[in-house]
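*Asks:* Show me the folded form of this:
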Amino acid sequence: KFTNVNSADLSQGQLTGTDTKDEIFEISTTANQVAVNGMNLTSVAAIDAGASAADAITAVVAVDATLAAAQKALAASNIAFTNINAANLNSGALNGTNTEAETFQISTALNQVNVNGIDLTNVSAIDAGTDLGDTVVTTELVNAALTSDTNALTASGINFSGLDSMDLSQGIVTGTDAESETFEISTAANQVAVNGMNLTSVGAIDAGSSATDAITTTELVNADLTDENNALTASGIKFTNVNSADLSQGQLTGTDTDNEIFEISTTANQVAVNGMNLTSVAAIDAGSSTGDEITTTESVDAKLTGTDNELTASGIDFSAINNADLSNGALSGSDNADTFELSGASLLANNILFSAINSLIDAKGGNDQVTGEAGTDWNLTEDNKQLSSTNFQFQNIEKADLVGTTLIGTNSKDETFEISTADKEVTVNGMN
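*Replies:* Numbering: from 1, shown residues only. Model prediction:
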């Protein structure tokens with residue numbers, strides 16, 4: 001038993017701590033050197049800190065460390081430490097193994113992490129290694145920022161790489177401004193895959209100012225618009241700064257407070273709204289706001305459903321729509337009862353105000369009715385259930401209210417006008 005010793009060279013021997021006293025092992029970047037209990041020890045190959053509960057490593061400069069496969073074990077300054085409870089790396093980096101899946105537990109405390117039973121502080125970076133299954137878990141809500149690399153993010157002031165997954169406890173993920181990220185979601189709430197990582201318990205995602213950040217889906221996923229541009233909510237996650245989203249035939253729902261403009265073309269199931277391009281959209285409920293509108297970049301045909309404020313166009317079933325511009329596309333009725341009402345150059349059909357539509361309208365099946373406007377006379381054609389006004393020609397109409405204007409027969413066909421005691425009513429060519 002040596003006493004009053006100031007230094008010792010162990011020639012790559014092992015140092016063993018006590019089981020009853022907590023030791024603090026002070027290291028630097030000098031290999032195999034440690035200061036403990038007032039002594040400077042050199043050529044130390046390994047240190048077993050003993051069974052005491054608070055044995056710690058302290059680095060006097062930034063020192064990197066590497067985890068071992070065992071609990072409470074790491075290598076630093078070329079010394080293999082075991083039974084270590086804490087380590088301060090002084091802004092050094094921590095490396096995981098390539099054979100074991102590590103779980104790194106963090107909080108909002110900066111540069112602190114618990115892994116393999118060790119509390120590490122002042123950690124600047126963690127490379128989790130090449131093995132699969134390395135994960136970060138959180139004890140409270142923690143935000144994370146993506147980087148330009150796959151399997152990498154920054155959280156709690158630590159630059160992580162080699163990660164496979166992370167649980168954010170409803171924290172926010174922020175994308176980069178330089179790289180365009182693809183966020184893959186499913187119906188699993190608050191879960192997203194991005195840059196080779198599976199992230200869970202995600203409360204929100206800000207994709208960053210890059211120009212082509214996208215959401216993709218592995219199955220049918222519904223989404224809700226917000227009152228902001230480039231924003232929507234899907235899978236329980238509020239996305240902002242998103243440029244495009246594929247819903248895999250999911251439904252898009254508009255807000256009840258803002259009027260949305262849905263821009264479509266002849267491309268099926270595709271719509272642009274609030275600065276985003278959405279694909280594989282099966283249906284859109286525009287919400288209860290009163291000025292929701294469809295616009296078109298080219299001539300697009302639309303079909304009524306028989307229900308007010310509903311139509312189908314570009315393969316999308318729209319509901320709660322107030323206005324639609326079809327760029328001279330054709331409007332057709334449904335097999336249910338549809339209503340049409342003249343409004344100058346526009347047409348109100350099933351409570352939707354249509355503009356820039358083809359003048360020929362086929363009301364299709366059902367008990368369909370058209371209502372005129374003051375100052376606009378009507379003309380019969382040679383065919384049954386057909387009427388023409390100044391701007392529109394209707395087919396398959398069962399009822400018409402001419403609002404006191406004139407009905408004009410053809411010059412080429414003999415019409416039979418059937419009247420009764422009902423004031424200003426006539427039946428002709430299968431129409432009342």
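
*Asks:* C-alpha only now, for contacts and for neighbours.
*Replies:* Fine.

*Asks:* A70: how many residues sit nearby?
*Replies:* 12 (other CA atoms under 10 Å).

*Asks:* same check, this time on S288
*Replies:* 17.

*Asks:* Let me see the contact set for the nearest residue to it once chain neighbours are set aside.
*Replies:* Residue nearest to S288 in three dimensions, not counting chain neighbours: D256, with 4.6 Å by CA to CA, 6 or more residues apart in numbering. Counting by CA atoms under 8 Å, 6 or more residues apart in numbering, D256 touches 286-289.

*Asks:* I'd like those residues as a markdown table, with secondary structure, distance to V60 and pLDDT appended.
*Replies:* A markdown table is the format used below for these (DSSP: H, G, I helix; E, B strand; the rest coil; distance: CA to CA, whole Å; pLDDT from 0 to 100):
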| residue | secondary structure | distance to V60 | pLDDT |
| --- | --- | --- | --- |
| A286 | coil | 62 | 98 |
| G287 | coil | 62 | 98 |
| S288 | coil | 64 | 98 |
| S289 | coil | 63 | 97 |
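
*Asks:* show me what contacts N198?
*Replies:* Taking CA under 8 Å, 6+ apart, one finds 164-166, 191-192 in contact with N198.

*Asks:* Closest to F239 out of the residues you listed?
*Replies:* Set against F239, the nearest of the contacts of N198 by CA to CA is V192 (11.2 Å).

*Asks:* Quick check: bridge partners of the closest one?
*Replies:* The partner list for V192 in beta bridges (DSSP bridges) reads L199.

*Asks:* Check T253 too.
*Replies:* D224, D285.

*Asks:* How many neighbouring residues does it have?
*Replies:* Neighbour tally, T253, other CA under 10 Å: 21.

*Asks:* Grab the CA positions of stretch 33-40 and hand them over as CSV.
*Replies:* Taking C-alpha atoms only, stretch 33-40 is exported to CSV below (Å, rounded to 0.1, in the frame of the first residue of the first chain):
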residue,chain,number,x,y,z
GLN,A,33,-3.0,9.6,-18.6
VAL,A,34,-5.3,10.4,-15.7
ALA,A,35,-5.3,12.4,-12.6
VAL,A,36,-7.2,11.0,-9.6
ASN,A,37,-7.0,11.5,-5.8
GLY,A,38,-4.1,13.9,-6.1
MET,A,39,-1.9,11.6,-8.3
ASN,A,40,-0.9,11.8,-11.9
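
*Asks:* Give the buried residues for that stretch.
*Replies:* For stretch 33-40, burial by neighbour count (16 or more other CA atoms under 10 Å) applies to 33-35, 40.

*Asks:* Redo those as JSON lines? Include pLDDT, distance to K21 and secondary structure.
*Replies:* Listed next are the buried residues of stretch 33-40 as JSON lines, based on pLDDT from 0 to 100; distance: CA to CA, whole Å; DSSP: H, G, I helix; E, B strand; the rest coil:
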{"residue": "Q33", "pLDDT": "98", "distance to K21": "21", "secondary structure": "coil"}
{"residue": "V34", "pLDDT": "98", "distance to K21": "17", "secondary structure": "strand"}
{"residue": "A35", "pLDDT": "98", "distance to K21": "16", "secondary structure": "strand"}
{"residue": "N40", "pLDDT": "98", "distance to K21": "19", "secondary structure": "strand"}
